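Asks: Please find the sequence and the predicted model below.
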Amino acid sequence: MKNPIALVAAGITSLALLLGAVSSAYTVDEGHVGVVTKWGKAVAQEPAAGLKFKNPITTSIIEVDVRERQSKDEMRAGTTNQLPITAVITTNWSMDPDRVLEIYRKYGSPEQFDARIMDGRLRDAAKAGLGKFQVSELINDRSAASAEILGRVREALEAYPVMITSIQIEDVVAPPTYTEAVLEKEREREAAAKEQYILERQATTSQQTVQTANAERDATMAAADGQAYRVRTEAAAAADAIRAKGEAQAEAINAMQTALENNPLVIEYEKARRWNGQMPQTMLGSDTNMLMRIN
């Protein structure tokens, strides 16, 4: 039979070895870089790659998030037209994963780097960038100002182990006097637009009236032209008919005259044909032998 004390000792040893193995094993999460410290001094950095082991007594692993993060700052600035504004600027940035050890040694955590280094330079660059634009430009179209500030921030942080992804101007608050002036200008613009609409509507109505009058005039002229054409056509037709009739009558007379000249007895024949058989009633005077000639 085994010694109970030996069994207990073996169990304690196994447990100690197990606990040591567990405490010495570590992994670095995705999106992080592990800073290795020995006796509190940063000596190396390790990427997120599988299971690793360390001395649980002398060595510690500090994970640093190198994923993109966002900083939001509210600041006062002046515009190019000397108006004070309040702007809210959002910066998307991340640590350089290859220089995490340098950042940790010099500045500590990314939050400490943001507070000690980046925040001040960001504010200076943002104020300088905002100062190149007017309030109206910052309110209506912030893309140009955002690009200007982004270029200045990248230049200011060029020597530091960070990457600036993008900068956005989320809000711009102008002074009340400027806002009231803009509102007044907008009211004037709306009034002018309304007046222009009224004038255009009046012009349209007048044009419609003129067009209607012109159409009626053209219709009247067309009707008059039609009537005149009809009268001219009828008159021409009547004249042609009279002329044709006169020509026919003239031709008939000429033909009759020609026929009479060629046939003198025709007249005598006509007289005989038209005589009704009665002698003419007349006073002959004393000469009773006078012959009556049919004329």
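Replies: Here it is on my side, so go on.

Asks: and residue 257, that's in a helix?
Replies: Yes: residue state for residue 257 (DSSP: H, G, I helix; E, B strand; the rest coil) corresponds to a helix.

Asks: Give the helix, strand or coil label for residue 237.
Replies: Secondary structure, three-state DSSP: residue 237 is helix.

Asks: Leaving out chain neighbours, which residue sits closest to residue 26?
Replies: Distances taken as C-beta to C-beta, 6 or more residues apart in numbering place residue 61 nearest to residue 26, at 5.2 Å, with adjacent residues excluded. The C-beta positions use only the backbone N, C-alpha and C, and glycine is treated the same way.

Asks: Helix, strand or coil: sort out the one you found for me.
Replies: strand.

Asks: And for the one 3 residues further on?
Replies: Secondary structure state of residue 64, per three-state DSSP, is strand.

Asks: My guess is it contacts residue 100. True?
Replies: Yes: at 5.0 Å, residue 64 counts as touching residue 100 under the criterion of C-beta atoms under 8 Å.

Asks: Compare those two (neighbour count), which wins?
Replies: Neighbours were tallied for residue 64 and for residue 100 using other C-beta atoms under 10 Å; the higher tally belongs to residue 100 (25 against 19).

Asks: For residue 72, what is the enclosing helix or strand?
Replies: Following DSSP states H and E, one finds residue 72 within strand 69-78.

Asks: what do residue 64 and residue 100 both touch?
Replies: Common neighbours of residue 64 and residue 100 (criterion: C-beta atoms under 8 Å, 6 or more residues apart in numbering): 33, 35.

Asks: List the buried residues of the host helix or strand of residue 42.
Replies: Using DSSP H and E, residue 42 sits in strand 41-47. Neighbour counts using 16 or more other C-beta atoms under 10 Å place 42, 45, 46 of strand 41-47 among the buried residues.

Asks: Residue 125 reaches residue 152, doesn't it?
Replies: Yes: with contact defined as C-beta under 8 Å, residue 125 and residue 152 form a contacting pair (3.7 Å).

Asks: out of the two, which sits in the more crowded spot?
Replies: residue 125 (24 against 20).

Asks: helix/strand/coil for the more buried one?
Replies: helix.

Asks: Contact partners for it?
Replies: If you count contacts by C-beta under 8 Å, 6+ apart, residue 125 has them with 149, 152, 153, 155, 156.

Asks: From those residues, list just the buried residues.
Replies: 149, 152, 153, 156.

Asks: wait, what's in contact with the first one?
Replies: If you count contacts by C-beta under 8 Å, 6+ apart, residue 149 has them with 89, 125, 126, 129, 130, 167, 169.

Asks: quick one on the thing from earlier: how about the buried ones among the contacts of residue 125 in JSON lines, adding distance to residue 76 and secondary structure?
Replies: Formatted as JSON lines, the entries for the buried ones among the contacts of residue 125 read as follows, by distance: C-beta to C-beta, whole Å; DSSP: H, G, I helix; E, B strand; the rest coil:
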{"residue": "149", "distance to residue 76": "15", "secondary structure": "helix"}
{"residue": "152", "distance to residue 76": "17", "secondary structure": "helix"}
{"residue": "153", "distance to residue 76": "18", "secondary structure": "helix"}
{"residue": "156", "distance to residue 76": "19", "secondary structure": "helix"}
